[in-house]
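K.L.:
Only the shape, not the letters, is given here:
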């Protein structure tokens, strides 16, 4: 599987704000890591996947108790449904009625680097939120996402001052590249999601 995917309605409707920092930061990080793990594992058409707790641990770098807490958080928010089995659970990524908007996730890149993102702290949580927003707003047929700090703050519910440090985490773990663009005498940043392909142009490590 070259890319994973998720329906974006809950991100576009500010669902990321439900995953808070403070004393809940570890649980929120676990939830978003587990969501991404499902996104790179799920069947595109059925939106379902069977994944063991050890499978989650391998993909996310989380402990088994934190995987369980993260999945519970996703269930509570209605993002994921779980059918529990004797040994392995079946997970479904939920989406709204006639939801058509979906985002790509680079499977190989996230399998390698998702586990490396720290499991504690507000900045790693902000980084995961920003990554999901970038995947959601990425331009079709492009690896680039154009979005400003104010919009990132609006969609994630974080402070503007936290955004730069969170972007540094994504940069340092080879998940994005920042591209400076000049237009009308102004300079702004656009963000390339590494591991995806732009038409015939392969992403470069």
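P.N.:
Okay, I see it. Computed from a prediction, not measured in an experiment: that's the story for all the values here. Numbering: from 1, shown residues only.

K.L.:
Tell me the gap between the host helix or strand of residue 31 and the middle of its chain.
P.N.:
Assignment of secondary structure by DSSP states H and E places residue 31 within helix 25-39. If you compare the mean C-alpha spot of helix 25-39 with that of the full chain, they lie 8 Å apart, counting by C-alpha atoms, centre = their mean, to the nearest Å.

K.L.:
Could you do stretch 168-184 as well?
P.N.:
Using C-alpha atoms, centre = their mean, we find the averaged C-alpha position of stretch 168-184 to lie 16 Å away from the chain's own average C-alpha position.

K.L.:
hey, where'd the helices end up in the protein?
P.N.:
Under the criterion DSSP state H, helices of the chain are mapped to 9-12, 25-39, 53-60, 64-76, 107-113, 122-137, 149-156, 160-172.

K.L.:
so which of those gets nearest residue 87?
P.N.:
Residue 87 lies closest, by C-beta to C-beta, to one member of the helices of the chain: helix 53-60, at 9.8 Å. All C-beta spots, glycine's among them, are computed from the backbone N, C-alpha and C.

K.L.:
got any ranges where this structure has weak pLDDT?
P.N.:
Along the chain, the parts satisfying pLDDT under 70 run over 1, 96-99, 198-205.

K.L.:
most distant residue from the middle of it?
P.N.:
Distance to the chain centre peaks in the chain at residue 185, reaching 33.0 Å (criterion: C-alpha atoms, centre = their mean).

K.L.:
what's near enough to touch that residue?
P.N.:
Shown in contact with residue 185 (C-beta atoms under 8 Å, 6 or more residues apart in numbering): no residues.

K.L.:
Not counting its neighbours along the chain, what's nearest the most centrally placed residue in the chain?
P.N.:
For the chain, the residue sitting closest to the mean C-alpha position, by C-alpha atoms, centre = their mean, is residue 132 at 3.6 Å. For residue 132, the nearest residue in space outside its immediate sequence neighbours is residue 11; the separation is 5.5 Å by C-beta to C-beta, 6 or more residues apart in numbering.
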